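> need a 3D model of the following:
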Amino acid sequence: MQFGGRAIALTFALALATWSGSASSLSLEEVLVQTLKNSNKIASSRDSWIAARESIFASNATKESSLKYSGSGSLSETDSGSGFTSSDSYSNKITFSKNIFDGGQSRESLKLAEIQLESAAASYRNTEQGVVLEAVQSYLNLSKSYQEVELQNNNVARLGKHVAAAKVNLAEGMGTPTSLAEAEARYARAKADRALIATSLENAKDLFSKLTLMPADNDLGEAQLPGVEKTLPQNRQRAEELALKNSPTVIIAKLTERAAGQELQLSQAKQNPTLGLSLSATQSNSSDSVSASILISSPLYPTNSTGSSARKKVALHSKSMRDLKEAIDNAKIEARSAFRDYEGARVTLNAALAEVEASRLLVDGVAKELKFGLKTTLDLLDAERGFNDAELRLVQARHDITLKEFKLVAATGSLTAGKLGIGHVLDKLSDSPRPENPLKKPFNFW
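So this is what the prediction gives:
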């Protein structure tokens, strides 16, 4: 099934071109670029990935060698009855130690760290999708609010003219107090509606400025990106397949299940025997010595805490498997639901377009019949109100079709900067520099 995405995008662009703001046109792509650059959520998620990457470097801790120094000294004065006798001693010791075999702990720790790093990368993509969708929704809400305010301003101005005309007709004996009261009531209602929409506009401006750090007083251009149309699934089955393959929540659930299983392997490795080597050299005022030792260590039986920890990991692994099944089922439902919502939005848009055209013809017809006394002013007010309501519904329908489009892409896991054609905005995760080591060097006491 073809969606006619280009036609919808063109319709939306033409609609936006019919109203004017106060500054230069601002495209959705520019908004997304600024949002991605300034997002604290993106930066925070990137830091989480960097932290997970450090676990890779730390996974070999049980096989790392260590070199330690220890020293001592003493000075004493002893009264022997015939005077004080001095004695002193000192000792310097350097010890080198290393696990020759750690029971496989470093190997299993590395596997766990790699899984956790993949999970952090999937979480980053999930955050990126959320930020993009939030920016799109903010952009569309701002666009819709501007259009609604302009429509309401036009409606208030039109009804104000009707009130003025009703007062003239009443003064000249051509109208009735009822007609004037009806016109004034609709005029007051229109002003109240305008105030509510103006409040919505200010709220939309605040969120837009918060996300982009840009002023919200702009004409908004076409709310469409080429990358979105390329990634739209053509049917519900394809949407479901893409969701199972690309959805960050499914990927995270799979990696969480793998990590839980790997935790069990690491626990077993910690119960294996270890083989260590130790070399030391000692210098003192009484003698010098060099020693070497090999240490074999192995638990003879599991303790209660060790057994409880293992059983806890078994329960967590079972939980992760259930969470994975739930994540898969949810991803399928969300993809199918997003596809249906998008199809429904297309139908609603076509109906809204037809309604506006029919309402416009109705207003023109009633206005002509009013001149010949076939219709009343109230009939014209009703027709014009219907046309204004139809225009507002069309604005909402255009807003919905684009938002549903982006939500469908998000449900399939494809709403990332790279797939939208703006991947150059964000640096690759692998290019992120390692943080500086905050620990001081040995003997650095100041």
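> quick one: mean pLDDT for the helix or strand where A367 lies?
Assigned by DSSP states H and E, A367 falls within helix 304-371. Averaged across helix 304-371, pLDDT comes to 95.
> and the helix or strand just after that helix, average pLDDT?
Remark: after helix 304-371, the chain's next helix or strand is helix 377-411, criterion DSSP H and E. Helix 377-411 carries an average pLDDT of 91.
> what angle do helix 377-411 and helix 304-371 make?
150 degrees (axes from the mean of the first three to the mean of the last three C-alpha atoms, to 10 degrees).
> which helices and strands sit right next to the helix holding A367?
helix 5-17, helix 236-246, helix 248-269, helix 377-411 (3 or more C-beta pairs under 8 Å, 6 or more residues apart in numbering; DSSP states H and E). Bear in mind the C-beta positions are built from the backbone N, C-alpha and C, glycine included.
> what do you get if the cut-off is 6 Å, keeping everything else the same?
Other elements packing on helix 304-371 under the criterion 3 or more C-beta pairs under 6 Å, 6 or more residues apart in numbering; DSSP states H and E are helix 236-246, helix 248-269, helix 377-411.
> and the ones you listed, which is most packed in?
helix 377-411 (a mean of 21; mean count of other C-beta atoms under 10 Å).
> what residue of this protein is the furthest out?
S82 (84.5 Å; C-alpha atoms, centre = their mean).
> which SS class is it?
The local conformation at S82, judged by DSSP: H, G, I helix; E, B strand; the rest coil, is coil.
> on that earlier part again, in CSV: the helices and strands packed on helix 304-371, plus distance to A367.
Output for the helices and strands packed on helix 304-371, formatted as CSV (distance: least, C-beta to C-beta, whole Å):
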stretch, distance to A367
helix 236-246, 46
helix 248-269, 55
helix 377-411, 6
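> first-to-last residue distance for stretch 94-108?
Across stretch 94-108, the terminal residues are separated by 31 Å (C-alpha to C-alpha, to the nearest Å).
> what does the average pLDDT come to for it?
Taken as a whole, stretch 94-108 carries a mean pLDDT of 92.
> that older thread, for L75, see how far away the residue farthest from the centre of the chain is.
Here S82 is placed at a distance of 20 Å from L75 (C-beta to C-beta, to the nearest Å).
> now swap in L300 and tell me
Distance from L300 to L75, counting by C-beta to C-beta: 46 Å.
> which one's more surrounded, those two?
L75 (9 against 4; other C-beta atoms under 10 Å).
> for the residue lying closest to the more buried one once chain neighbours are set aside, helix, strand, or coil?
Distances taken as C-beta to C-beta, 6 or more residues apart in numbering put D88 closest to L75, at 4.5 Å, once the chain neighbours are dropped. At D88 the chain is in strand, as set by three-state DSSP.
> does D88 really touch E77, like I thought?
No - contact criterion C-beta atoms under 6 Å: D88 and E77 do not qualify, at 10.0 Å.
> all helices for the stretch 151-300 of the chain, in order.
For the stretch 151-300 of the chain, the helices defined by DSSP state H, counting those that start in this stretch occupy 177-212, 226-231, 236-246, 248-269.
> okay if I get those helices as CSV plus mean pLDDT and distance to N169?
As requested, the helices of the stretch 151-300 of the chain are exported to CSV (pLDDT from 0 to 100; distance: least, C-beta to C-beta, whole Å):
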stretch, mean pLDDT, distance to N169
helix 177-212, 91, 7
helix 226-231, 72, 53
helix 236-246, 94, 58
helix 248-269, 95, 64
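> between the ones you listed, which one is nearest to N350?
Taking C-beta to C-beta, helix 226-231 is the member of those nearest to N350, at 18.4 Å.
> next, count neighbours for A135.
Look at A135: counted by other C-beta under 10 Å, it has 23 neighbours.
> report the buried residues of stretch 424-437.
Under the neighbour-count criterion of 16 or more other C-beta atoms under 10 Å, stretch 424-437 has 425-426, 429 buried.
> make that stretch 307-324, sorry
Under the neighbour-count criterion of 16+ other C-beta under 10 Å, stretch 307-324 has 310, 313, 316-317, 320, 324 buried.
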